[in-house]
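>>> Give the three-dimensional model of this entry:
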Amino acid sequence: MRSIAKTLACAVLCVGGMSAPSEAADIRLHYLRQEVEQPPTLSNLEPVPTDEGRAGAELALEDNATTGTFMGQTWTLQSTHVAVDGDFTAAVREALKTTDLLVLDAPVDDVLAAADLPEAQDALLFNTAAPERALRDEACRANVLHTLPSRAMLTDALMQFFVARRWTAIVMIEGTKPGDLALGESYRDSAAKFGQSVRRTQSWEDSGDLRRNASQEVPIFTQGLGKYDVLVVADELNDFARYIPYNTWMPRPVAGSEGLRPSAWSPVVEQWGAAQLQSRFEDAAGRQMRDRDYAAWAAVRAVGEAVTRTGASSAPELRAYMLGDSFELAGFKGRPLTFRPWNGQLRQTIPLTHRGSVVANAPIEGFLHPKTELDTLGLDAPESRCTAFGK
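Sure, this is the predicted structure:
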């Protein structure tokens, strides 16, 4: 099975008019992860893998090397994990001594600090972990491309589904952690973007052990939400959200951080060759692919595609090609993936899934755009305050 999957992957990666480099190319990438101390959560059923992100980059490197064998390319990937109290900027400086192609798995402040280094101005940095809108908006950097969807792309996807289903009475439970508050704000912005509104929001304060008391606490808590069509949960770590479905006072669908979830990737995506990607990842990593794995995979594969098509290997040449009209990445998501030339965000479909299957893929049919419907998700060019890309 694995050999068949590899053959299919090679077929996807190797088709098309490739431009062979004039001489053998040695392409080096460096994956850097800033470890972040996570707050305690109610459940330990889904611990964060220690190789999250890196495993996706390593699989993509294997994909690149498969094609590179026939193109005179040599691919290497170095990995650095910076401790919670470590100096991420120093690690970036060290990495830039050997390559100008970096894959960053780090919070927004660390991404900005890395991008602003003098040594990094002609480098190409991929953001695979920070979903903040500002990175694609007023705080954008010309040397940073984003393969992780922004929060806005995810929340827009869910709101499009609500509009299509005519679920207009929307209420929300919002956690109190910074990520929860940012996610809740993004849901409110997305609702307004598509002519909706979140009618009522209740703040979830940590109270008791939901593993034992959810059936008693959640109905009482949600009774105050009144009548509604759908309940959105803004809980970025999926801490308390998992205990909300089937415990609400009103028998209504739950969405957001639990129930119907928007994500960059999901283990239940099977179409468009995704099952083969899932299988190869599970063989290599011993677990299912997660959002940051996919984002890192897409970053390394984007480099591979650009190198193969252009024969170039320097960051400025590759960046110029990736932001151009000729670049496309087969991302196993139903449509070719391309970068937005005004802020460096990778356009991509967003699967809306529950734990068992795909319900829909956004953009939802009927949401039109003069260039591509993918630009209905997240910041479109007229909305973006990013000026670093000169668009």
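
>>> Count the residues that sit near Gln38.
10 (other C-beta atoms under 10 Å). In this view, the C-beta of every residue, glycine as well, is placed from N, C-alpha and C.

>>> tell me the SS of it?
Counting by DSSP: H, G, I helix; E, B strand; the rest coil, the backbone at Gln38 sits in coil.

>>> quick one: the helices in the stretch 101-250 of the chain?
Ranges of helices in the stretch 101-250 of the chain, per DSSP state H, counting those that start in this stretch, are 108-115, 151-165, 178-193, 210-222.

>>> Which positions in stretch 242-252 come out as buried?
Within stretch 242-252, the residues that count as buried by 16 or more other C-beta atoms under 10 Å are 242-245, 247-248, 252.

>>> I'd like those residues laid out as CSV, including pLDDT.
Formatted as CSV, the buried residues of stretch 242-252 follow (pLDDT from 0 to 100):
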residue, pLDDT
Arg242, 92
Tyr243, 91
Ile244, 95
Pro245, 96
Asn247, 94
Thr248, 96
Arg252, 97
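
>>> and those as a markdown table, adding distance to Phe126?
Below are these laid out as a markdown table (distance: C-beta to C-beta, whole Å):
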| residue | distance to Phe126 |
| --- | --- |
| Arg242 | 30 |
| Tyr243 | 35 |
| Ile244 | 34 |
| Pro245 | 35 |
| Asn247 | 40 |
| Thr248 | 39 |
| Arg252 | 39 |
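
>>> Tell me how far Phe281 lies from Ala275.
Counting by C-beta to C-beta, to the nearest Å, the separation of Phe281 from Ala275 is 11 Å.

>>> now do Leu102
As judged by C-beta to C-beta, Leu102 and Ala275 stand 31 Å apart.

>>> Run through the strands of the chain in chain order.
In the chain, strands defined by DSSP state E lie at 25-34, 73-82, 101-105, 124-127, 144-146, 170-174, 198-203, 230-234, 254-256, 261-262, 350-353, 358-362, listed in chain order.

>>> can you put these in TSV and add mean pLDDT, distance to Ala192 and mean neighbour count?
TSV is the format used below for those (pLDDT from 0 to 100; distance: least, C-beta to C-beta, whole Å; neighbours: other C-beta atoms under 10 Å):
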stretch	mean pLDDT	distance to Ala192	mean neighbour count
strand 25-34	96	33	22
strand 73-82	96	38	17
strand 101-105	98	31	27
strand 124-127	98	26	28
strand 144-146	98	23	26
strand 170-174	98	11	24
strand 198-203	97	9	16
strand 230-234	98	14	27
strand 254-256	98	16	25
strand 261-262	98	17	24
strand 350-353	98	19	24
strand 358-362	97	17	19
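
>>> Redo the ones you listed as TSV? Include distance to Arg287.
Listed next are those as TSV, based on distance: least, C-beta to C-beta, whole Å:
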stretch	distance to Arg287
strand 25-34	17
strand 73-82	17
strand 101-105	17
strand 124-127	22
strand 144-146	24
strand 170-174	29
strand 198-203	33
strand 230-234	25
strand 254-256	24
strand 261-262	18
strand 350-353	17
strand 358-362	20
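
>>> Which one of those lies nearest to Glu328?
Glu328 sits nearest to strand 144-146 of all the strands of the chain, at 14.7 Å, using C-beta to C-beta.

>>> Now for Ala182: which residues touch it?
For Ala182, the contact set (C-beta atoms under 8 Å, 6 or more residues apart in numbering) comprises 132, 151, 236.

>>> Switch these over to CSV; also include neighbour count, distance to Gly304 and pLDDT.
Below are these laid out as CSV (neighbours: other C-beta atoms under 10 Å; distance: C-beta to C-beta, whole Å; pLDDT from 0 to 100):
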residue, neighbour count, distance to Gly304, pLDDT
Glu132, 21, 27, 98
Arg151, 25, 28, 98
Glu236, 19, 31, 94
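
>>> closest to Ala95 among those residues?
Closest approach between the contacts of Ala182 and Ala95, by C-beta to C-beta: Glu132, at 22.6 Å.

>>> I'd guessed the closest one sits against Leu148; true?
No: in this structure, Glu132 is not within contact of Leu148 by C-beta atoms under 8 Å, at 10.1 Å.

>>> returning to what we had before: who has more neighbours out of Phe281 and Ala275?
Set Phe281 next to Ala275 and count neighbours by other C-beta under 10 Å: Phe281 wins out with 24 against 14.

>>> Quick one, grab the pLDDT at the nearest residue to that one once chain neighbours are set aside.
Spatial nearest neighbour of Phe281, chain neighbours left out: Met289 (4.5 Å); criterion: C-beta to C-beta, 6 or more residues apart in numbering. pLDDT recorded at Met289 is 97.

>>> Next: Gly72.
pLDDT, Gly72: 86.

>>> just checking, it touches Ala25?
Yes: the pair Gly72 / Ala25 is scored as a contact, 6.5 Å apart, by C-beta under 8 Å.

>>> picking up where we left off before, turn the contacts of Ala182 into TSV, including distance to Gln78.
Formatted as TSV, the contacts of Ala182 follow (distance: C-beta to C-beta, whole Å):
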residue	distance to Gln78
Glu132	27
Arg151	30
Glu236	30
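
>>> where's the residue most central in space within the chain relative to Ala264, distance?
Nearest to the geometric centre of the chain sits Leu148, at 2.8 Å (C-alpha atoms, centre = their mean). Distance of Leu148 to Ala264, computed by C-beta to C-beta: 6 Å.

>>> what's the overlap in contacts for the two?
Listed as contacting both Leu148 and Ala264 by C-beta under 8 Å, 6+ apart are 291, 295.

>>> thinking again about what came up before, Leu112 is nearest to which of the strands of the chain?
Here strand 144-146 is closest among the strands of the chain (C-beta to C-beta), at 8.4 Å.
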